[in-house]
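Undergrad: With the sequence up front, the predicted model follows.
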Amino acid sequence: MTAMSDSEHRQIARDSLFVMAELRLDGVGGEHRVRVRNLSSGGLMAEGNLGVQRGQLCWVQIRNIGWVEGSVAWVQDTRFGVAFREEIDPMVARAPIASGEGTPRYVRPPLAQFEPGALRKI
């Protein structure tokens with residue numbers, strides 16, 4: 001397998017978005033909240049006031065996907081890039097959040113459909 005050059009990396013399609021994610025860093029305890037600025041199948045750009053270092057192993061919890069392993073590819077001020085170990089489908093992260101037992105009631109669809117004319121006036 002050959003490494004991609006910087007110009008080849010720039011050709012990968014990216015989805016600009018603004019979502020929050022949790023980040024775990026190797027050697028640093030706890031989870032840290034970061035803003036994801038763009039996402040592609042091979043990585044993401046995040047923003048957060050953390051002391052990340054280039055080459056540091058990390059895990060990012062991406063909405064609708066779960067925890068994804070990667071490493072910090074670059075750092076510039078409070079922004080940094082993460083290269084994923086395995087590719088993901090970035091469109092899954094854009095899909096509406098799936099509801100389930102752990103989903104709060106206020107984001108779940110209504111339990112039953114009703115007829116507006118069948119409502120009783122109080």
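TA: Thanks, I have the structure now.
Undergrad: give me the low-pLDDT residue ranges for the chain?
TA: Along the chain, segments meeting pLDDT under 70 span 1-17, 97-116, 118-120.
Undergrad: any chance you could map the helices in it?
TA: 6-9, 90-94 (DSSP state H).
Undergrad: all strands for the protein, in order.
TA: In the chain, the segments counted as strands under DSSP state E are 15-25, 28-39, 43-47, 57-62, 66-76, 79-84.
Undergrad: Tell me the buried residues in stretch 89-98?
TA: Neighbour-count burial for stretch 89-98, counted by 16 or more other CB atoms under 10 Å, picks out P90, A93. C-beta coordinates here come from the backbone N, C-alpha and C atoms, glycine included.
Undergrad: what pairs with I62 across the strands?
TA: Note on I62: beta-bridge partners by DSSP bridges are G66.
Undergrad: count of neighbours near it?
TA: Neighbours of I62 under the rule other CB atoms under 10 Å: 19.
Undergrad: Verify the contact between it and S40 for me.
TA: No: distance between I62 and S40: 11.7 Å, which falls outside the contact criterion (CB atoms under 8 Å).
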